[in-house]
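J.: give me the fold of what follows.
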Amino acid sequence: MPVVPVTGTASLTTSVAPPFPSSSPPEVESQHPAADEEGPQLPRRQPCWISGGKIDPGSASRYITTLVHAHIPGPVDAWREFPVPVRDLLFDMFTRRYTFTRPEDLPRARAVWESTAQTNLRKLMYEAREKAIKTTGSRNPMAWHNYGHVWLRRDYWESLCHRWATGPWQERSQAAKRNRSTHPEKNVHTSGSVSYATHSQKLRHELERVPTFRELFDRTHKRKGTDDYISESARTIAETYDRTMADRYAEGTPQPDLDPEAWVDTAGGPRKGQVYGFGDSLDTTPVLSSYASSVTPPAYASSSAMPLDSGVEEMRTLIQEELRTHFGVMVEQLISAMQGVRSSQPAPQASITINFI
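T.: Residues are numbered from 1 along each chain as shown. Coordinates of the predicted model:
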C-alpha cells in the first residue's frame, strides 16, 4: 500500500487518502479556485468594506460580535479591557474569513474594526443588563446573578454584577443619562441600525440619481409615509439651514449641496464625536470641522446670518491644527460615503467645494 506523506501544512489540492484500504486512492480537488499556482491555498475569503466609518456587509459586523462572544477574556464590559494580544488574535481571525477589498480602506481597516468591536461589545452588555432588569423587575445588579447570558461565563457575569452595583459605576451611568437627557430630541432619528451610507444607496436607487444631503436628512428624520419630522428639533434645524443657505448664497450664485459650516452653525457643534444629522456610522465630525475651518465661505448676501458660537469656533481651530495633513483624504471619504460610490479621483489638495449634484 502506498505511503501518504505527512507534513505540517497540507495543501488543499493534494490527494486525500480515504479511511479504507485502496491501491489507488481517488484524488479530491479543492472547490476553491487557486489564487496562485504556488504555495498552499486558503479558502476563499468573503469581501467586506468600510462604508461611512462602519464595516459592511452586516454579516461581517455580526461575525465580529461572534468572535467577541467566544473570546471574552474575563469579567470585562469594555473593549479597552481586552488585552492587546486578544485583540490581535480576534482581528487575525476576522481577516481569515473576511478581506477588505478596497485599497483605500486598508490604512484604517484595523481602526474601524476596533471601533466596531467596541460598539458591538457595548451593545451586548447593554442588552444583557436590560434583559436582566426586565426578567427580575429590579434595577439592582445584585439581583441579576442568576440571569446572565449563555455566551458569558457565570463567574464573569457575577463579577460584573458586583462591579455594576458599585458607587463609581453607578455615578458614571447616571452622569451619562443626564448628558443624554440634556438634548433628548437630538437622539431621535428613523434610521435605526442601518447606516446612513446604506440609506443613501437605497435612496439613490429609488431616485435613479445621487440624493442630496437634505433628501437624505429628510429620509432619516421624517416619519415614514408622512411629511412630518420625527421631532420639533429636526424640523427647526432643517428649516433654519434652508434659510441660512438662502441668505449665504445670493440668487444666481452656485450653491453646494452641503455647506458644512452652515450646517454646524445651524445644528450646533459636535457632541461626543458626532454631528447632528450624520448618525454614528458616518464618522464625519473631524471632516466637517476641519472643512469649515480650512475653507473660506462666500460672503453672506445679507446681514441676517447667525453669529458663530465661540465654543464651536475654538473646536474648529483645534481640530484644524491636528488634522490639517489628513484633510484631503477625509473629505474624499466623506464624499464617497455620502454618494455611496467609490471615488476614482485623488484626494483634493486645495480649496474644495462639495457638490453631489
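
J.: elements contacting the longest helix along the chain?
T.: Using DSSP state H to define each element, the chain has its longest helix at helix 109-136. Contact partners of helix 109-136 among helices and strands, from 3 or more C-beta pairs under 8 Å, 6 or more residues apart in numbering; DSSP states H and E: strand 54-56, helix 58-70, helix 84-97, helix 154-164. Using the backbone N, CA and C atoms, a C-beta is placed for each residue, glycine as well.

J.: can I get those in JSON lines including mean pLDDT and distance to residue 122?
T.: Shown next, in JSON lines, are the helices and strands packed on helix 109-136 (pLDDT from 0 to 100; distance: least, C-beta to C-beta, whole Å):
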{"stretch": "strand 54-56", "mean pLDDT": "87", "distance to residue 122": "15"}
{"stretch": "helix 58-70", "mean pLDDT": "92", "distance to residue 122": "11"}
{"stretch": "helix 84-97", "mean pLDDT": "94", "distance to residue 122": "15"}
{"stretch": "helix 154-164", "mean pLDDT": "91", "distance to residue 122": "13"}
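
J.: how does the protein divide into domains?
T.: Under the assignment automatic domain parsing, the domains of the chain span 46-182, 187-339.

J.: lowest average pLDDT across the ones you listed?
T.: Sorting these by mean pLDDT places domain 187-339 lowest, at a mean of 61.

J.: compute the first-to-last residue distance for stretch 143-152.
T.: Distance across stretch 143-152, first residue to last, is 17 Å (C-alpha to C-alpha, to the nearest Å).

J.: touching that stretch from outside, list them.
T.: In this structure, residues lying in contact with stretch 143-152 by C-beta atoms under 8 Å, 6 or more residues apart in numbering are 69-70, 72, 128-129, 131-133, 135-136, 138, 154, 156-158, 160-161.

J.: buried stuff in it?
T.: Buried residues in stretch 143-152, counting neighbours by 16 or more other C-beta atoms under 10 Å, are found at 143-144, 147-148, 152.

J.: just stretch 54-74 next, same as before
T.: Buried residues in stretch 54-74, counted by 16+ other C-beta under 10 Å: 54-56, 60-61, 63-65, 67-68, 72.

J.: rebuild the buried residues of stretch 143-152 as a markdown table, extending it with distance to residue 245 and secondary structure.
T.: Output for the buried residues of stretch 143-152, formatted as a markdown table (distance: C-beta to C-beta, whole Å; DSSP: H, G, I helix; E, B strand; the rest coil):
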| residue | distance to residue 245 | secondary structure |
| --- | --- | --- |
| 143 | 54 | helix |
| 144 | 51 | coil |
| 147 | 52 | coil |
| 148 | 52 | coil |
| 152 | 50 | coil |
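
J.: just the residues you listed now: which is nearest residue 210?
T.: Nearest to residue 210 among the buried residues of stretch 143-152: residue 152, at 44.1 Å, using C-beta to C-beta.

J.: what about residue 83, how many neighbours?
T.: Burial measure for residue 83: 11 neighbouring residues, criterion other C-beta atoms under 10 Å.

J.: from residue 93, how far out is it?
T.: 15 Å (C-beta to C-beta, to the nearest Å).

J.: and the strands in this protein?
T.: With DSSP state E as the criterion, the chain has strands at 46-51, 54-56, 98-100.

J.: in CSV: these, plus distance to residue 87.
T.: Output for the strands of the chain, formatted as CSV (distance: least, C-beta to C-beta, whole Å):
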stretch, distance to residue 87
strand 46-51, 18
strand 54-56, 15
strand 98-100, 16
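
J.: just name the most buried of those.
T.: Neighbour counts (mean count of other C-beta atoms under 10 Å) averaged over each of the strands of the chain peak at strand 54-56, with a mean of 23.

J.: that strand pairs with which strands, and in what direction?
T.: Using DSSP bridges, the strands paired with strand 54-56 are strand 46-51 (antiparallel).

J.: orientation of the strand it pairs with relative to helix 84-97 in degrees?
T.: On the basis of axes from the mean of the first three to the mean of the last three C-alpha atoms, to 10 degrees, strand 46-51 is oriented at 120 degrees to helix 84-97.

J.: got the angle for strand 46-51 vs helix 58-70?
T.: With the same axes, to 10 degrees defining the directions, strand 46-51 sits at 100 degrees from helix 58-70.

J.: alpha carbons of strand 46-51, as CSV, please.
T.: These are the backbone C-alpha positions of strand 46-51, laid out as CSV (Å, rounded to 0.1, in the frame of the first residue of the first chain):
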residue,chain,number,x,y,z
GLN,A,46,-15.6,37.0,1.9
PRO,A,47,-15.4,40.6,0.8
CYS,A,48,-16.0,43.5,3.2
TRP,A,49,-15.5,47.2,3.0
ILE,A,50,-15.8,50.4,5.1
SER,A,51,-18.9,52.4,4.5
